[in-house]
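Participant: When you get a sec, could you give me coordinates for this:
(chains A and B)
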Amino acid sequence: MAIEIRNRLGLADVKSDFRHIAGRKIENIHNELLELEAKGELKVIHITDEHKPIEAETLFGWKKKIPTTKLWHHKSCGQCGNIPGYPVSLLWFMNKFGTEYVDERNQTSCTAWNYHGSATSNPVGLAAVAVRNWHRSYELGLFPLIHCATSFGDYKEMRNLLVENKELRDEVRRIMHKIGRDLVIPEEIVHYSEWVHVMRFEIAKLRKYDLSNIITTVHPACHCYKMIPEDCIYDKDIYAGKRTAVSTGVALALGAQVADYSTWYDCCGFGFRHILTEREASRSFVMDRKIRPMVREANSDVCITQDTGCTTTLDKNQWIGKAMGYTEQVPVMADVMFAALVCGADVYKIVQLQWHTTDWRPLCEKIGIDWKKSEEEYNAYLEKLRAGEKPENLYEYA
Amino acid sequence: MEYDENGVSIVSNDFKKEIFEEAKKDFRYEEYVRGCLNCGVCTGGCPPHRFFDFSPRMVLQNCKSNDPALVWGMMDEYVWACFQCFTCAMICPFLNNPGGVIAILREISVRRGFESAKKVLKPYSRVLLKLTAYGNQLSPDMIQPDFFPDWGPHIGYASEDLPLKRKAIPMPTLQVTNLAWDVAPEAMKELYTIFEEAGVFKIIEVVDPSLYEIIQDIVDDVRSE
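Facilitator: The predicted structure is shown next:
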């Protein structure tokens, strides 16, 4: 068993100079985007030196600039409603690094979860919402950092459709003018996990605990790397460049073991519509296709995710498995939450694990984190708030 | 509406043709439906294929057949099985996008107000209301033990003392209970204009007239504030 696990662990660390592109012939949309800007068709939110970008490679070896500061946080519906530790952990790191950012109310959902679940929208509606939110960051002089994987996938798709279709551009521009905005498109669509990825070595410098005995299993979000896959980060030193490097990269940088499992490529079972209205499908999928392989094949201590929907689906649907005699359980958290946890962020106030359903306490104890002390302090903090004290926030908001 | 032995609604051949033509006219269709080798790699990797009678290979093959009856056969329950994960699109050697085709067919189904779409989306109305009226789709106060008994006993944690626990999240934008984040009214108003201009409100009116009326009341209230 030990040898089998050790072999599986080796996969994430495999390095290669060979890039396999499966014969795909895809044009790099960025050239066309810049041509449209030159013609005055649209404005581009450029990534400049001010954003202190760090370059990464994508699927075909193209360069992708990831801005590391002057960021506009674009929120995720599920993240904010269900998993608040996910954006809090991200902002906690940004405060540590002195990152300039704005987290504000003047933004709407990307509406793509709804679209993929119910089809009650269309490309014009989706693209207009995307441009509306991009334009808000543009007018603040900031670069949008997308928190949600579905927003990320949708925005990449909308950017491509807008670049490739004049009729769509004209229609979206007309709508933007009605709300006093203009057609703008970011030079890159950037997911928060990409920020975490390029910052992983800086993050690792803050590590407080030894993770050499912690086995992680990574579940990447479908809408991150399957929608417009050419725009996703790959690294020849991680999975030999054959799988997306994001999330695995930060776990490795932090010194954790990253184990492979046979259903790595499967989705989480979220299904957009299914998680809300046909949950038996999501439940079965979670246990049969993700959690059981992670535990039985990889002996995983923690499942690392990079998205709202996956985190919720994989975390919340384990308890019901007991009804089928499934005893396998593994705590689930986003990459940035795991990173914050091992860099000393408070389990309750920052990582906010108290909202999670599957027991995460054994993981904390294995790492050496005193969650009980954190719980006591959090409960005392709640009493102070109840008595009327002001909350301790990560930033001031007018 | 009458149904055949496969549960597919019975309509005239002309209507089937009309629906297929509507799908083909979508500006994304040609990009999504290319040559198909019938290799089946899409279905082999398709997550819902393991739990449902659903195959992205069949979606492509039915479109490539040019037979409106085969496409019509997918319009009822079939298209709603897809998880929209786009595994099929990523692994197709010919860059087909069966998940994208499903999105086009679902759009038609909803836009036309097919009974199958209404039935599938009926339990979805709470989410649809939240999103279209307030600007984001999930809120902390929706996580109630009555709605999510299968999520286990700990789910009650989220419903006890919720305003206090939300206040303890150190991001002011998240210190609300009835929305994922506290969307600014100006952002909501812009969203309403987008939904009107893009025809999104009209789609909701077709698929759920009662819900549409409730949404419009909220829209009017927010606009008048």
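Participant: C-terminal to the helix or strand of chain A with the lowest mean pLDDT, what's the next element?
Facilitator: Here the helix or strand of chain A ranked lowest by mean pLDDT, DSSP states H and E is helix A:2-10, holding a mean of 48. The helix or strand immediately downstream of helix A:2-10 is helix A:29-38, counting by DSSP states H and E.
Participant: Buried residues in that following helix, which are they?
Facilitator: By neighbour count with 16 or more other Cβ atoms under 10 Å in any protein chain shown, helix A:29-38 contains the buried residues A:29, A:30, A:33, A:36, A:37. Using the backbone N, CA and C atoms, a C-beta is placed for each residue, glycine as well.
Participant: dump the residue contacts of the last one.
Facilitator: What it means is residue A:37. Shown in contact with residue A:37 (Cβ atoms under 8 Å, 6 or more residues apart in numbering or on different chains): A:43, A:44.
Participant: again with the third one
Facilitator: When contacts are counted by Cβ under 8 Å, 6+ apart, residue A:33 touches A:42, A:44, A:159, A:163, A:185, A:187.
Participant: From these, pick the one nearest chain B.
Facilitator: residue A:163 (12.7 Å; Cβ to the nearest Cβ).
Participant: so what secondary structure elements neighbour the host helix or strand of that closest one?
Facilitator: Secondary structure assignment for residue A:163, by DSSP H and E: helix A:149-164. Packing partners of helix A:149-164 (3 or more Cβ pairs under 8 Å, 6 or more residues apart in numbering or on different chains; DSSP states H and E): helix A:29-38, helix A:112-118, helix A:123-139, helix A:166-178, strand A:184-186, helix A:222-225, helix A:308-316.
Participant: Please tell me the pLDDT value assigned to the most centrally placed residue in chain A.
Facilitator: Of all residues in chain A, the one closest to the mean position by Cα atoms, centre = their mean is residue A:306, 3.5 Å from it. Here the pLDDT value assigned to residue A:306 is 94.
Participant: In CSV, list the C-alpha atoms belonging to the helix or strand harbouring residue B:217.
Facilitator: Assigned by DSSP H and E, residue B:217 falls within helix B:209-224. Provided in CSV are the C-alpha atoms of helix B:209-224 (Å, rounded to 0.1, in the frame of the first residue of the first chain):
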residue,chain,number,x,y,z
PRO,B,209,-45.5,33.8,-15.8
SER,B,210,-46.3,33.9,-12.0
LEU,B,211,-42.6,34.2,-11.2
TYR,B,212,-42.2,36.9,-13.8
GLU,B,213,-44.9,39.0,-12.1
ILE,B,214,-43.2,38.7,-8.7
ILE,B,215,-39.9,39.7,-10.2
GLN,B,216,-41.4,42.7,-12.0
ASP,B,217,-42.9,43.9,-8.6
ILE,B,218,-39.4,43.8,-7.1
VAL,B,219,-37.9,45.5,-10.1
ASP,B,220,-40.4,48.3,-9.9
ASP,B,221,-39.7,48.7,-6.1
VAL,B,222,-35.9,48.9,-6.6
ARG,B,223,-36.2,51.3,-9.5
SER,B,224,-38.5,53.6,-7.6
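Participant: Check what pLDDT whatever residue of chain B ends up closest to chain A gets.
Facilitator: Residue nearest to chain A within chain B: residue B:152 (3.1 Å; Cβ to the nearest Cβ). For residue B:152, the pLDDT comes out at 90.
Participant: And residue A:240, by the same measure?
Facilitator: Residue A:240 is assigned 87 on the pLDDT scale.
Participant: Quick check: closest non-adjacent residue to it.
Facilitator: Computed as Cβ to Cβ, 6 or more residues apart in numbering or on different chains, the closest residue to residue A:240 that is not its neighbour in sequence is residue A:16, at 3.6 Å.
Participant: Likewise for residue A:110?
Facilitator: residue A:151 (3.9 Å).
Participant: same check, this time on residue B:113
Facilitator: residue B:206 (4.2 Å).
Participant: before we move on, back to that, any idea which of the buried residues of helix A:29-38 is closest to residue A:52?
Facilitator: Using Cβ to Cβ, residue A:30 is the member of the buried residues of helix A:29-38 that sits closest to residue A:52, with 20.0 Å.
Participant: The closest one: what's it in contact with?
Facilitator: By Cβ under 8 Å, 6+ apart, residue A:30 lies in contact with residue A:187.
Participant: What distance do you get for it to residue A:182?
Facilitator: Using Cβ to Cβ, to the nearest Å, we find residue A:30 at a distance of 20 Å from residue A:182.
Participant: And the helices in chain B?
Facilitator: B:13-25, B:29-32, B:41-45, B:56-65, B:68-72, B:87-91, B:98-111, B:115-121, B:125-134, B:162-167, B:185-198, B:200-207, B:209-224 (DSSP state H).
Participant: tell me which strands and helices the first one is in contact with?
Facilitator: What it means is helix B:13-25. helix B:68-72, helix B:98-111.
Participant: and residue A:106, which of the ones you listed is closest to it?
Facilitator: Across the helices and strands packed on helix B:13-25, closest to residue A:106 is helix B:98-111 (Cβ to Cβ), at 28.9 Å.
Participant: chain center to that closest one, what's the gap?
Facilitator: Distance, stretch centre to chain centre, for helix B:98-111: 9 Å (Cα atoms, centre = their mean, to the nearest Å).
Participant: does chain A sit close to that helix?
Facilitator: Yes. Against chain A, helix B:98-111 shows contacts by Cβ under 8 Å from any Cβ of the partner chain at B:103, B:106, B:107, B:109, B:110.
Participant: how close does the second one sit to residue A:41?
Facilitator: Read it as residue B:106. Look at residue B:106 and residue A:41: by Cβ to Cβ, they are 31 Å apart.
Participant: Name the residue in the two with the higher neighbour count.
Facilitator: Between residue B:106 and residue A:41, counted using other Cβ atoms under 10 Å in any protein chain shown, residue B:106 has the larger neighbour count: 26 against 17.
Participant: Can you get me a residue count around residue 176?
Facilitator: Since no chain was named, I'll use chain A. 21.
Participant: The intended chain is chain B.
Facilitator: Other residues close to residue B:176 by other Cβ under 10 Å number 21.
Participant: got a list of what it touches?
Facilitator: Contacts for residue B:176 (Cβ under 8 Å, 6+ apart) come out as B:139, B:140, B:166, B:182.
Participant: contacting residues around the second one?
Facilitator: Shown here is residue B:140, whose contacts under the criterion Cβ under 8 Å, 6+ apart are A:81, A:82, B:158, B:162, B:166, B:176, B:177, B:178, B:180.
Participant: most surrounded residue in those?
Facilitator: For these, the largest number of neighbours (other Cβ under 10 Å) sits with residue B:180, at 29 neighbours.
Participant: Quick check: that residue touching residue A:75?
Facilitator: Yes. With contacts defined as Cβ atoms under 8 Å, residue B:180 counts as touching residue A:75 at a distance of 7.0 Å.
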